[in-house]
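>>> can't give you the sequence, but here's the structure:
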């Protein structure tokens, strides 16, 4: 019984502490990290386009062989 009371008190304490309204927003002033992220996205877009072009060429070759 004492264990359940202790567990309830601990859970209540954690829930009260977890509900802190003083949440500070994350600063996004690190322009280098943002720039690196955007460059990674652009590189991924180029890679995707290359893969799509290769898939289209392969599909055209398959169609030529089967027709």
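Thanks, I have it. Being a predicted model, the structure only gives us computed values, none of them experimental.
>>> Identify the residue nearest the geometric centre of the chain.
The centroid of the chain falls nearest to residue 37 when counting by Cα atoms, centre = their mean (12.0 Å).
>>> Model confidence score at that one, please.
Note on residue 37: pLDDT of 90.
>>> buried ones in the helix or strand residue 40 falls within?
For residue 40, the element it lies in under DSSP states H and E is helix 31-66. By neighbour count on 16 or more other Cβ atoms under 10 Å, the buried set for helix 31-66 is empty. C-beta here means a position set from N, CA and C on the backbone, and glycine is covered the same way.
>>> chain center to it: distance?
In terms of Cα atoms, centre = their mean, to the nearest Å, the centre of helix 31-66 is set 20 Å apart from its chain centre.
>>> What separation is there between the residue nearest to the centre of the chain and residue 48?
Distance, residue 37 to residue 48, using Cβ to Cβ, to the nearest Å: 17 Å.
>>> same question, residue 58
Counting by Cβ to Cβ - residue 58 and residue 48 are separated by 16 Å.
>>> One more: residue 5?
58 Å.
>>> same check, this time on residue 6
Between residue 6 and residue 48 the computed distance is 55 Å (Cβ to Cβ).
>>> Check residue 36 too.
Residue 36 is 19 Å from residue 48, by Cβ to Cβ.
>>> What of residue 33?
Counting by Cβ to Cβ, the gap from residue 33 to residue 48 is 23 Å.
>>> What of residue 3?
Taking Cβ to Cβ, one finds residue 3 at 56 Å from residue 48.
>>> just residue 56 next, same as before
13 Å.
>>> cool, and residue 57?
15 Å.
>>> One more: residue 31?
26 Å.
>>> Tell me the confidence at residue 57?
At residue 57, the pLDDT value in this model is 93.
>>> err, residue 30, not the other one
75.
>>> same question, residue 4
We have a pLDDT of 85 for residue 4.
>>> show me where pLDDT drops low in this structure?
For the chain, the stretches flagged by pLDDT under 70 are 17-29.
>>> try 90
Scanning the chain for pLDDT under 90 picks out 1-36, 63-67.
>>> helix or strand for residue 5, which one?
Counting by DSSP H and E, residue 5 is part of helix 2-18.
>>> Just the buried positions in that helix, please.
Buried, per 16+ other Cβ under 10 Å, within helix 2-18: nothing.
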